[in-house]
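Asker: sharing a model that was predicted from the sequence below.
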Amino acid sequence: DDLNTIPSALKRKGIPGAHSSIQIVRTQPEEQDKTAKEMYFLATDTAAQATGYLYIENQYFQYQEWAERLIQARKNVMARWKAAGPASGKTKGDMPLLHVFIVIPVAERGQMVPRTYDTLAVIGQQAGMTGQSDLIDKENKRVHTGVRRDDMGRSTGAVYTKPAVVEYANGIDKPSIAALEQKHGLKVAVAMLQTCGHDQGRMRYREIYIHSKLLLVDDAFFSLGSTNLNQRSMSVDSEMNLATNDARRARELRQKIWGKLSGGKVDGKNGTPAEIAQAFFDWAEIMQNNREKKRNSQPMTGFLLPLEDNRSAILRLG
């Protein structure tokens, strides 16, 4: 009988003036369903056309194809802007920026570090992966000797061979922060979350592990569900997300989440380009200030810190 009865919630009248639509997207390999991936890419393409914000909160950030999609989409936009410049009197430098806010945890396992590094490197944000960056620099310097050396610099007699993850990382075009803004019109902030409190007479800090998978675009679209930003969620595992263009709830989510993460300091207000630009500046400032506060054993404001991972690995997982 339940299958033949319309749930009462579906009979509720719509909110006056609301014309949003909702779609369920999935990854279901058995049915060749990869609409979750299509949704992420379409939302990214749409965000790239605009000059507002793209917010990603995800358990994993190991999907290099997504980062490459964002860069290519912005390249296309910048090329069109440049082409239209002579007629409009505008230059590429006049184009407003797209602000990208990324909130992720440190990689769950050490072997996930390389793919996280690779994905961040595509958008010029690999600096926080200090361990992997140091490993790559060290291995690249060794190649000049032509032989493998031990930690004391003594030849072991073996021919040096770069680890595959280093060769792969070397092939990634890693834009500088300046190039990211000037060439692609992008400003990107990558944060992790920690909480803090007094315990036994001292300030202690602990990571807040992020399990959510949220995507927000310009107060015009959001998606929430189980789809991670990694190859498994996009192609192999069974995943499901809700996707909607409910602008009212998108704005509410943005204001609520940003406000909570920043300790009530930043919510983007009404989401105008100027307010988003100011929110990005304030967000980045809170991250840096919190890093200094942690170093000095002081209470942080909110939970935002720059992503920092000092681990490294030569095996790629994820």
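Answerer: Nice, thanks for sending it over.
Asker: quick check: which element contains the residue most central in space within the chain?
Answerer: Centroid check for the chain by Cα atoms, centre = their mean gives residue 102 as the closest residue, at 3.5 Å. Assessed by DSSP states H and E, residue 102 sits inside strand 98-103.
Asker: picking up where we left off before, let me see the contact set for the closest residue to the residue nearest to the centre of the chain other than its chain neighbours.
Answerer: Nearest in space to residue 102, with sequence neighbours left out and distances taken as Cβ to Cβ, 6 or more residues apart in numbering, is residue 190 at 4.6 Å. Where C-beta positions appear, they are placed from N, C-alpha and C, glycine not excepted. By Cβ atoms under 8 Å, 6 or more residues apart in numbering, the contact list for residue 190 reads 102, 103, 104, 120, 125, 128, 306, 307.
Asker: again, only using 10 Å
Answerer: By Cβ atoms under 10 Å, 6 or more residues apart in numbering, residue 190 lies in contact with 56, 61, 100-104, 120, 123, 125-129, 287, 306-308.
Asker: buried members of those into PyMOL, please.
Answerer: Here is the PyMOL selection string for the buried members of the contacts of residue 190, based on 16 or more other Cβ atoms under 10 Å:
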select buried, resi 56+61+100+101+102+103+104+120+123+125+126+128+129+287+306+307
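Asker: does residue 207 touch residue 108 like I think?
Answerer: No - counting by Cβ atoms under 10 Å, residue 207 sits too far from residue 108 to count as a contact (11.1 Å).
Asker: that older thread, can I assume the residue nearest to residue 102 sits in a helix?
Answerer: No - counting by DSSP: H, G, I helix; E, B strand; the rest coil, residue 190 is not found in a helix; it is strand.
Asker: what's the local residue count around the closest residue to residue 220 other than its chain neighbours?
Answerer: Leaving aside its chain neighbours, residue 220 sits nearest to residue 247 (5.4 Å; criterion: Cβ to Cβ, 6+ apart). A total of 17 residues lie near residue 247 under the criterion other Cβ atoms under 10 Å.
Asker: wait, residue 247 sits on residue 270?
Answerer: No - applying Cβ under 10 Å, one finds residue 247 not in contact with residue 270, separated by 11.9 Å.
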